[in-house]
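Chemist: Build me a structure from this.
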Amino acid sequence: MAQPEVQNGGEETTAAVKFTAVKPQLMVEAPKAVDAVQFYKTAFGAVEAGRTVYPKRKAEQELPHILSAQLELAGSTILVSDIADDSAPVKTMGTGCVLCLETEDVEAAIAKAVSAGAVVEGEITEGNGACCGDRVRKVKDPYGYVWLICSPAKKCADVEA
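Modeler: Okay, the predicted model is just below:
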């Protein structure tokens, strides 16, 4: 937390805080994080940059509990974690989070995601109805997260006042 600075005259100002990254953490039902990591690699070409596993596991667990798997995807980092039964802040598949991936070939990206296990939702939206690009289509991954696959948005023409 930034500490307030006191300047001459006794007024407090808050020191500027600069963030260097945002890393969404996708929580999946344990022990499915291993499968989720593989899905994101296969469907979206993610590259695993690191993994932290819980050192202790219950005897009945086949796979180690993943605290965090760090994936590099489209120049960003996402984290994938198993939800522990006793520590889950929210037990739900997916959340209000929607992730957007930008590509020049929307159809090929959708086909790749579907072949890896995603489910298409709706039709391709084009033009003004597309929220984050010129062409957009939704897929839901096997873990409940919605991904928008979109083409880059065209630059808007300058508007004269």
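
Chemist: where does Tyr40 fall, phi/psi-wise?
Modeler: Dihedral pair for Tyr40: phi -70, psi -30, per degrees, to the nearest 10.

Chemist: How many residues are close by it?
Modeler: Applying other Cβ atoms under 10 Å, we find 25 residues neighbouring Tyr40. All C-beta atoms are positioned from the backbone trio N, CA, C, and that covers glycine.

Chemist: From Glu29, how far off is it?
Modeler: The gap separating Tyr40 from Glu29 is 16 Å, by Cβ to Cβ, to the nearest Å.

Chemist: for this protein, which spans come out with low pLDDT?
Modeler: 1-14, 56-63, 85-96, 128-133, 154-161 (pLDDT under 70).

Chemist: which residues of it fall in helices?
Modeler: 33-44, 106-116 (DSSP state H).

Chemist: Go through these and pick out the most buried.
Modeler: Highest mean neighbour count of the helices of the chain: helix 33-44, a mean of 20 (counted as mean count of other Cβ atoms under 10 Å).

Chemist: Show me what it is packed against.
Modeler: strand 47-53, strand 66-73, strand 76-83, helix 106-116 (3 or more Cβ pairs under 8 Å, 6 or more residues apart in numbering; DSSP states H and E).

Chemist: partners of the second one, with directions?
Modeler: Meaning strand 66-73. Taking DSSP bridges as the criterion, strand 66-73 forms sheet pairs with strand 47-53 (antiparallel), strand 76-83 (antiparallel).

Chemist: ok, and for it, which residues are buried?
Modeler: For strand 66-73, a neighbour-count test (16 or more other Cβ atoms under 10 Å) marks Ile66, Ala69, Gln70, Leu71 as buried.

Chemist: got a markdown table for those residues, with distance to Thr125 too?
Modeler: Converted to a markdown table, these look like this (distance: Cβ to Cβ, whole Å):
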| residue | distance to Thr125 |
| --- | --- |
| Ile66 | 34 |
| Ala69 | 31 |
| Gln70 | 32 |
| Leu71 | 27 |
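
Chemist: quick one: the residue lying closest to Gly127 once chain neighbours are set aside from Glu72, how far?
Modeler: With sequence-adjacent residues excluded and distances taken as Cβ to Cβ, 6 or more residues apart in numbering, Gly127 is closest to Asp134, at 6.9 Å. Going from Asp134 to Glu72 by Cβ to Cβ gives 26 Å.

Chemist: now swap in Pro64 and tell me
Modeler: Where Glu72 is concerned, Pro64 sits at a distance of 22 Å (Cβ to Cβ).
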